[in-house]
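Student: sharing a sequence plus its predicted fold:
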Amino acid sequence: MFTTLIAYLTPPSRLAGRLSIQSLLFALGDGTFMAGSAVFFTKVVGLTGPQVGLGLTIAGVAAFIAAYPMGKLVDRWGAKRCWAISSAGQAALVCSWPFIDSFGGYVALAVALEVVGSLGGAAHGAYTIDVLPAAERVESRAYMYSALNVGFTLGALAGGVALATESLTVISALPWFTAVVFAVNAVNITRLPPASHDLRSTEERKVKVEGPGPMRNTGWLAASFCDGVLWTNQVILNLVIPLWLVQKTDAPWVVLAFLFGTNTVMCILLPLAAARGIRDLSTGLRAIRISTFFFIVSCVITLSTHHTVGLLTIVLFFAGHVTLTGAELFLSAASWTFEAELMDPRRRGEYQGAAELMGTLGRVWAPALYTFLVMDWSSLGWLVIAAIVSAAAAALHPSVRLARRFLEQHVPADVLADATSSVKAAEPAPLGPPTIDQPAEPGGVSPLTP
């Protein structure tokens, strides 16, 4: 049993292990600052709560606008280079937080961080798909996802220790700690092996790729939007369930801490298990159906807590949280597969930017609508939310087919052979387009993903 556990915790390859260290470092730095950010901005910088929220909203809009142009820069400059520049830029910008003393300065720095971060997000996604061997892409991404959650957990603990001191001097040092971690991360990125697209010459990068880009790939845009809708499970997890528990049930508030702990532990230990067997478009869509089933079950279980009392309410909350986390895990695995198989390998940065653009549109409305539905419509609201997600999952299926057909029509077959998430890369490609009942051929989303 111990040997089995060690094998399970061992990265699929040395490269996957190095990428996982990067994920852990990023999450450690980001999680540490985020844990103490509310106190830092209000007590150290001197902002009000509404100012903090408004600044984050403005920064989010800036990131949304920058997503697609930053993706194009990744294709032009190279994913690894852009990723390292982004991490180094974030380290430098975070160092500026202790010197901010006005709302205007706060907004300017928040916008700069989000824009630089959008470059890193597109570059990270493009690089990992480009550099990982096809046979281990999904498994490696699952391992990296586990490492990311470990990093956020450690970051939350470090931030919690700083908050426990109740010392503004200690809390003021959080940006410096984050900056150091980001700087170390930037150095680590430069030491990663170059991906194939990083090896292109300056002249090769200037050559315009023939054929239409992702903004003309209707299937990809629709799939990215649907994926964004499916990722509103995080709104349920982090906002709606806590509000529901506090205002609509008799469960003790402390239960929330254990619920979040359950989600964290599952997201550390189970991504590899959820990703097992997901290797192409057919199995990816199957994972979407499983994820949607878990989401619906979670909604039904959670709405029932409005009418239960005592221990039964607590047990049902845990059951609802476990199924919701299951929805997250299977959605993650499916998204990694879609990212690998539905992007033009020559334009992965551009496709990442387009995915972020549409994914944001697919989820940005959820906090306002979902809270209204469950707070005002109560149990009926949960059923409406389940219906919205089910509709998105259903629409994702034809969108994936359409996106794949677009690639087959506009991308050379030898180039498309690199766009795969499975071990089927060594097999010859069938002549016709894939069907949902037939595994996709070779070449066939941090999330399409976080």
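Tutor: Perfect, thanks for sending it. Residues are numbered from 1 along each chain as shown.

Student: from here on, just use CA atoms for contacts and neighbour counts.
Tutor: Will do.

Student: quick one, what contacts residue 296?
Tutor: Residues near residue 296 by Cα atoms under 8 Å, 6 or more residues apart in numbering: 386, 390.

Student: from residue 115, how far out is it?
Tutor: Note on residue 296: its distance to residue 115, by Cα to Cα, to the nearest Å, is 35 Å.

Student: what about the spatially closest residue to residue 266 that is not a sequence neighbour, how many neighbours?
Tutor: Of all residues not flanking residue 266 in the chain, residue 325 sits nearest, at 7.3 Å (Cα to Cα, 6 or more residues apart in numbering). Counted with other Cα atoms under 10 Å, the burial measure for residue 325 works out to 25 neighbours.

Student: thought residue 325 was touching residue 263?
Tutor: Yes. In terms of Cα atoms under 8 Å, residue 325 counts as a neighbour of residue 263; the distance is 6.0 Å.

Student: and stretch 230-245, what's buried?
Tutor: Applying a neighbour-count criterion of 16 or more other Cα atoms under 10 Å, one finds 230-237, 240-242, 244-245 buried in stretch 230-245.

Student: kindly report the same for stretch 12-30.
Tutor: Under 16+ other Cα under 10 Å, the buried positions of stretch 12-30 are 12, 15-30.

Student: what strand or helix carries the residue nearest to residue 253 when sequence neighbours are not counted?
Tutor: Beyond its immediate neighbours in the sequence, the residue positioned closest to residue 253 (Cα to Cα, 6+ apart) is residue 246, lying 6.4 Å away. Assessed by DSSP states H and E, residue 246 sits inside helix 241-248.

Student: list the helices and strands that helix packs on?
Tutor: Contacting helix 241-248 under the criterion 3 or more Cα pairs under 8 Å, 6 or more residues apart in numbering; DSSP states H and E is no other helix or strand.

Student: continuing past that helix, what's the next helix or strand?
Tutor: Moving toward the C-terminus from helix 241-248, the first helix or strand encountered (DSSP H and E) is helix 255-269.

Student: let me know the angle separating that next one from helix 241-248.
Tutor: Going by axes from the mean of the first three to the mean of the last three Cα atoms, to 10 degrees, helix 255-269 is angled at 160 degrees with respect to helix 241-248.

Student: what's next to helix 255-269, contact-wise?
Tutor: Under the criterion Cα under 8 Å, 6+ apart, residues 145-147, 149-150, 153, 242, 314, 317-318, 321-322, 325, 329 lie in contact with helix 255-269.

Student: for stretch 269-277, how far is the first residue from the last?
Tutor: Per Cα to Cα, the first residue of stretch 269-277 is 17 Å away from its last.

Student: from here on, count from 58
Tutor: Will do, 58 is the new start, and the previous item becomes stretch 326-334.

Student: list the buried ones in it?
Tutor: By neighbour count, with 16+ other Cα under 10 Å as the criterion, the buried positions of stretch 326-334 are 326-329, 331-332.

Student: just stretch 431-442 next, same as before
Tutor: 431-432, 435-436, 438-442.

Student: just put the residues you listed in TSV and tack on distance to residue 247 and secondary structure.
Tutor: Output for these, formatted as TSV (distance: Cα to Cα, whole Å; DSSP: H, G, I helix; E, B strand; the rest coil):
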residue	distance to residue 247	secondary structure
431	47	helix
432	48	helix
435	51	coil
436	51	helix
438	48	helix
439	46	helix
440	48	helix
441	47	helix
442	43	helix
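
Student: what's the closest of the residues you listed to residue 341?
Tutor: The nearest member of the buried residues of stretch 431-442 to residue 341, counting by Cα to Cα, is residue 442 at 22.7 Å.

Student: for the closest one, which residues are in contact?
Tutor: Residues touching residue 442, when contacts are defined by Cα under 8 Å, 6+ apart, comprise 356, 427, 430.

Student: of those, which belong to helices?
Tutor: Cross-referencing the contacts of residue 442 with the helices (criterion: DSSP state H) gives 356, 427, 430 as the overlap.

Student: most neighbours among those, which one?
Tutor: Each of the ones in helices among the contacts of residue 442 was scored by neighbour count (other Cα under 10 Å); the top score is that of residue 356, with 23 neighbours.
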